[in-house]
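*Asks:* Give me the fold of what follows.
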Amino acid sequence: EYRGLMIDLARDWHPFKYLISYIDACWFYKLSTLHLHFTDDQSYTLPSRLYPKLSTPGRHYSFEEIEKLCAYAKARGIRLMPEIDVPGHMTSFASAYPELFGNRGIICQHEESVGALAALFKEVCELFQDSERIHIGGDEAVLKNWLDCPECMKYARSLGIDTETAGGEEICNELYVNFINKMAETVLEMGRRPVVWEGFPKEMNRKVSRRID
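*Replies:* Okay, here's the model as predicted:
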């Protein structure tokens with residue numbers, strides 16, 4: 001069912017015409033899914049009406065291009081899987097909205113930032129209306145940076161995480177699972193299937209949601 005090709009559009013900027021050619025390549029080689037890695041530390045290549053400053057100048061696609069891309073893929077039976085890679089790889093978030101997302105190398109977790117990212121994933125679902133799978137990232141995040149963030153620790157306590165006696169690694173892992181589950185729940189609410197890089201430790205496996213409906 002899933003035969004995929006992944007293209008990194010954030011580290012290495014690809015003009016729009018190349019995205020069209022990748023859909024042609026998927027069609028020719030009978031690949032069912034084109035996974036588009038839209039965001040990383042180097043650039044944020046999606047457009048956004050909610051947070052327009054996220055888009056890297058000269059290195060992002062327009063709403064019209066995304067619409068054309070989706071129509072072109074649908075006409076050829078190719079499924080697109082867009083990815084926003086968080087909570088790590090967040091340089092664009094820190095540069096554009098440090099007051100909301102922080103600037104510690106990882107998305108600062110509190111009610112406002114988690115709500116903002118949930119809204120951003122909903123916007124992505126609306127942009128890619130025919131995409132069954134939405135990739136929420138999750139890899140290579142420096143979790144220990146949460147420990148130095150007072151807002152993150154306050155948020156952790158609101159979740160019932162013991163920040164006084166628990167070890168730092170345990171606190172970070174619990175925050176990580178909370179983040180992944182919140183984003184996954186948002187995608188599920190939109191009627192889509194969330195996908196995540198398995199960047200979490202094995203002992204947290206049982207706490208990461210496996211829902212796909």
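*Asks:* How about residues contacting the biggest helix by length in the chain?
*Replies:* For the chain, the longest helix by residue count, based on DSSP state H, is helix 168-189. Under the criterion Cβ atoms under 8 Å, 6 or more residues apart in numbering, residues 86-87, 107, 109, 114, 117-118, 121-122, 125, 134, 136, 138, 141, 143-144, 146-147, 152-153, 155-156, 159, 161-163, 166, 193-194, 196, 200-201, 203-204, 207-209, 211, 213 lie in contact with helix 168-189. Quick note: C-beta positions are derived from backbone N, CA and C, even for glycine.
*Asks:* Now do the following helix or strand past it: distance to the chain's middle.
*Replies:* Downstream of helix 168-189, the next assigned helix or strand under DSSP states H and E is strand 193-195. Its chain's C-alpha centre and that of strand 193-195 lie 10 Å apart, by Cα atoms, centre = their mean, to the nearest Å.
*Asks:* Which strands and helices lie in contact with strand 193-195?
*Replies:* strand 133-137, helix 168-189 (3 or more Cβ pairs under 8 Å, 6 or more residues apart in numbering; DSSP states H and E).
*Asks:* Can you list the low-confidence ranges for this structure?
*Replies:* 199-200, 203-206, 209-213 (pLDDT under 70).
*Asks:* Could you tell me which of the contacts of helix 168-189 belong to helices?
*Replies:* Reading helices off the contacts of helix 168-189 with DSSP H, I get 114, 117-118, 121-122, 125, 152-153, 155-156.
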